[in-house]
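A.B. asks: After the sequence you'll find the predicted model.
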Amino acid sequence: MHTFLKVTAAAALLTAGACASPPAPVEEPPPFLEKAEPVVEEIVEVVETPQVIEPSITPGSLEDFRVNVGERVYFDLDQYRLDTEDQDILKRQAAWLASYPDIRILVAGNADERGTREYNLALGERRANAVKEYLVSLGVSASRVDTVSYGKERPVVAGSDDQSWALNRNGWTQIVSGATS
Amino acid sequence: MTHRAMLYLRRFLAAAVIALGLVAPASAQLRVRVDEGNFQPTPIAIPDFQVTGANADLARQIAEVVRADLASTGLFDLQNPASFIQRDLSINAEPRFADWKIIRTEGLVVGTFEELPDGKVAVSFRLWDVYGGELMRINGEPGRRLTTTPENWRRIAHKIADSIYTRLTGEDPYFDTRIVYIAETGPKTERVKRLAIMDSDGANQQYLTSGRSTVLTPRFSPSAQEITYMSYEGGKPRVYLFNIETGRQELLGNFPGMTFSPRFARDGQSVLLSQAQRGNTDIYIMNLRTRESDRLTDHPSIDTSPSMSPDGKSVVFNSDRGGTPQLYIMNTDRSKRTCPGGGSDVACRITFGKGRYSTPVWSPRGDLIAFTKQEGGRFYVGVIGIDGKGERLLTEAYLDEGPDWSPNGRVIVYFREARPGASPQLWSVDLSGRNERRMVTQTDASDPAWSPLLQ
């Protein structure tokens, strides 16, 4: 590559310097004398049927729910209100649950570490209940939905910063039975 | 006032009081102030006990624990034994007061240790007022003698320390007590939480539950024989009773919702707790004999963390009915009260400062309520009068939470995460706010609760 650049640059200089002079005879550049790299031929097998890159997700499985539906909604500080983004996730959860009527879920309400233990247990229960009530309003039978509050006892992430606290203020829908394995 | 001036003043006042014949001369004896004005620890000496019999090590250890208990109050300056002049102390003879005045000791404890023929051990001791030049009687007696099995020696030490503390300060004792807490291990996202118990000085730490289920917020019964706490046993968060002697655990009540934040009523006959149902938390009181429960609060807000007044007539609790968590007081019979903020209501708000208040705990003396306060990204433990006046913050950290009182209402135990990401540890602070001390536990620890004085 370097050799090529030098040759090109030299040619450019020659051309520039030749401007005022009568045109020089066109000459072929000298052939490269460097040792040629051997060419190795690799045999590429052509697969007739295209390979599946993603492992398949079984519909109705825990993974299907986690990847294609979404298992957590996130709350604002001290709040248990569901915003439109949360509602969209819960609508997907309700639709999915409608397709798999044998599935039972447990909604866990969680709080960040910036509150006292007992108040956060109550706040977590409020959050879990908000998720449950919204799912029920979308037609999920209340008998399929249990709730539990973990307060600030089960953080998703261990950090002590705004981002971690935001992740730890959540309602987490877990499938307890009836999923396809 | 200097130490010496204080002594002279005391002796002058003593003479004046005796001369006027106003009160008995005993009231002028050595007295250690526990209020916020006392910055000067009182010098006292507790030499090792004289030993008759073989076990000098045990005798030394007992004296060591007595010294450590008293030093932990911040009220006493335990004199260095190397400075002692009189080395021939006898429990049956008056000490040479001049020898103790030279090293400026105000109180002197003289004791003996014996091994008894039945295998038990006994400690006898007397307390001397060095500058007053007289014996300080304890409960009207010239001295005390305590006997127990050798394994139980630490309780003798705590009882001696309690006697001295009470005699010198006039405050009720609190060393012969235990602390129950939550022992924490493992990473933050998969924390193992076990019920654990230890002596008030951190000795004899034991685990009461296996850690298979998360347990939280233990509290002692007034007999110190039972603990009420919350457990996720079977995946459901509910309030349980634990009997310390038998190790038996028992589910308390048959509530449809989550039950948590339990505390015994002052008479031990019932348990106050919170139940959360359909997003709403209220406070209930359950009679332990009939197992019937009565609803104390009925409000769409969160009502939790109840604590009963010593006379049983009122309950302080945490509620966010005003928009943020604050402290409220109500009568146990739900009759209307005259509120500090004006008017009358079933529940009167007592906190009006900036910030969020929670975990109120009524002092055993009845006059103060300890709380956790959260403001501006920091947590505090503080106290406030039951009329909502006189708020004082005693501690501050990234997280200071969950105060509970020593049985004499002088010291508060709580837990602290010193910095973001730091693990929780137990701490204590006295009412002056100056004597803040870490309580050493084998693991990380939270939710401490102080037992009543042991029987």
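C.D. replies: Received it, and whenever you're ready, just let me know what you need.
A.B. asks: Residue numbers of chain A in contact with chain B?
C.D. replies: Residues of chain A found near chain B (CB under 8 Å from any CB of the partner chain) are A:78, A:80, A:113-119, A:121-123, A:125-126, A:129-130, A:133, A:148-149, A:153-161. All C-beta atoms are positioned from the backbone trio N, CA, C, and that covers glycine.
A.B. asks: just the buried members of the residues you listed?
C.D. replies: For the residues of chain A next to chain B, a burial check counting by 16 or more other CB atoms under 10 Å in any protein chain shown picks out A:78, A:80, A:113-119, A:121-123, A:125-126, A:129-130, A:133, A:148-149, A:153-155, A:159-160.
A.B. asks: In strands, which of these fall?
C.D. replies: Counting by DSSP state E, those place A:Val148, A:Ser149 in strands.
A.B. asks: lowest-confidence helix or strand of chain B?
C.D. replies: helix B:3-20 (a mean of 47; mean pLDDT, DSSP states H and E).
A.B. asks: any chance you could map the helices in chain B?
C.D. replies: Here chain B has its helices, by DSSP state H, at B:3-20, B:56-72, B:97-102, B:153-169.
A.B. asks: An error on my part: the question was meant for chain A.
C.D. replies: Counting by DSSP H, chain A has helices at residues A:2-17, A:62-64, A:84-99, A:117-137, A:162-168.
A.B. asks: OK, now which residue of the stretch 51-200 of chain B is nearest to chain A?
C.D. replies: B:Lys188 (4.0 Å; CB to the nearest CB).
A.B. asks: Let's see the pLDDT reported for A:Asp76.
C.D. replies: Looking at A:Asp76, its pLDDT stands at 96.
A.B. asks: Equivalent analysis for A:Glu28, please.
C.D. replies: If you check A:Glu28, the pLDDT there is 53.
A.B. asks: B:Leu135 too?
C.D. replies: We have a pLDDT of 97 for B:Leu135.
A.B. asks: Now do the same contact list for it.
C.D. replies: Residues in contact with B:Leu135 (CB atoms under 8 Å, 6 or more residues apart in numbering or on different chains) are B:Glu94, B:Arg126, B:Leu127, B:Trp128, B:Asp129, B:Pro142.
A.B. asks: Which residue is the nearest non-sequential neighbour of the third one?
C.D. replies: It stands for B:Leu127. Using CB to CB, 6 or more residues apart in numbering or on different chains and skipping the chain neighbours, the partner closest in space to B:Leu127 is B:Met136 (4.4 Å).
A.B. asks: looking at the helices of chain A, which is buried most?
C.D. replies: Counting by mean count of other CB atoms under 10 Å in any protein chain shown, helix A:117-137 has the highest mean neighbour count of these, with a mean of 25.
A.B. asks: what ranges do the strands span in the stretch 101-250 of chain B?
C.D. replies: Ranges of strands in the stretch 101-250 of chain B, per DSSP state E, counting those that start in this stretch, are B:107-115, B:121-129, B:134-136, B:144-148, B:178-185, B:192-199, B:206-207, B:215-220, B:226-231, B:238-243, B:249-251.
A.B. asks: Name the surrounding residues that touch the shortest one.
C.D. replies: In this case it means strand B:206-207. Here strand B:206-207 makes contact (CB under 8 Å, 6+ apart) with B:Ala183, B:Arg194, B:Leu195, B:Ala196, B:Ile197, B:Met198.
A.B. asks: List the beta-bridge partners for B:Asn280.
C.D. replies: Beta bridges link B:Asn280 to B:Gln277, judged by DSSP bridges.
A.B. asks: B:Thr297 is in contact with that one, correct?
C.D. replies: No: here B:Asn280 does not reach B:Thr297: they are 10.1 Å apart, not a contact under CB atoms under 8 Å.
A.B. asks: quick one: least confident helix or strand in chain A?
C.D. replies: Here the helix or strand of chain A ranked lowest by mean pLDDT, DSSP H and E is helix A:2-17, holding a mean of 41.
A.B. asks: shaky segments in chain B?
C.D. replies: B:1-28, B:36-38 (pLDDT under 70).
A.B. asks: domains for it, by residue range?
C.D. replies: Chain B breaks down into these domains under automatic domain parsing: B:35-169, B:178-450.
A.B. asks: quick one: contacts for B:Leu434?
C.D. replies: Residue B:434: Arg, not Leu. Going by CB under 8 Å, 6+ apart, B:Arg434 touches B:Phe39, B:Gly74.
A.B. asks: how close does it sit to chain A?
C.D. replies: Plainly put, B:Arg434 is 25 Å away from chain A if you go by CB to the nearest CB, to the nearest Å.
A.B. asks: try B:Leu251
C.D. replies: From B:Leu251 across to chain A, the span is 16 Å (CB to the nearest CB).
A.B. asks: what about that residue, neighbour count?
C.D. replies: As a burial measure, B:Leu251 scores 15 neighbours (other CB atoms under 10 Å in any protein chain shown).
A.B. asks: Okay, and the beta partners of it?
C.D. replies: On the basis of DSSP bridges, B:Leu251 is bridged to B:Tyr240.
A.B. asks: Would you mind naming what in the stretch 201-350 of chain B lies close to chain A?
C.D. replies: Residues of the stretch 201-350 of chain B lying close to chain A by CB under 8 Å from any CB are B:214, B:216-217, B:230, B:235-237, B:257-258, B:260-261, B:274, B:276, B:278-281, B:302, B:304-305, B:318, B:320, B:324-325.
A.B. asks: Quick one: end-to-end distance for stretch B:320-335.
C.D. replies: One end of stretch B:320-335 to the other measures 21 Å (CA to CA, to the nearest Å).
A.B. asks: Any chance of TSV for the contacts of B:Leu135, columns neighbour count?
C.D. replies: Putting the contacts of B:Leu135 into TSV (neighbours: other CB atoms under 10 Å in any protein chain shown) gives the following:
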residue	neighbour count
B:Glu94	12
B:Arg126	22
B:Leu127	25
B:Trp128	23
B:Asp129	20
B:Pro142	10
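A.B. asks: want to try CSV for those, with distance to B:Asp387 as columns?
C.D. replies: Compiled in CSV, the contacts of B:Leu135 are given as follows (distance: CB to CB, whole Å):
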residue, distance to B:Asp387
B:Glu94, 50
B:Arg126, 44
B:Leu127, 38
B:Trp128, 43
B:Asp129, 39
B:Pro142, 44
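A.B. asks: Nearest to B:Pro360 among those?
C.D. replies: Ranked by distance to B:Pro360 (CB to CB), these are led by B:Leu127 at 37.5 Å.
A.B. asks: For the closest one, name its beta-bridge partners.
C.D. replies: In this entry, B:Leu127 is beta-bridged to B:Val109, B:Met136, by DSSP bridges.
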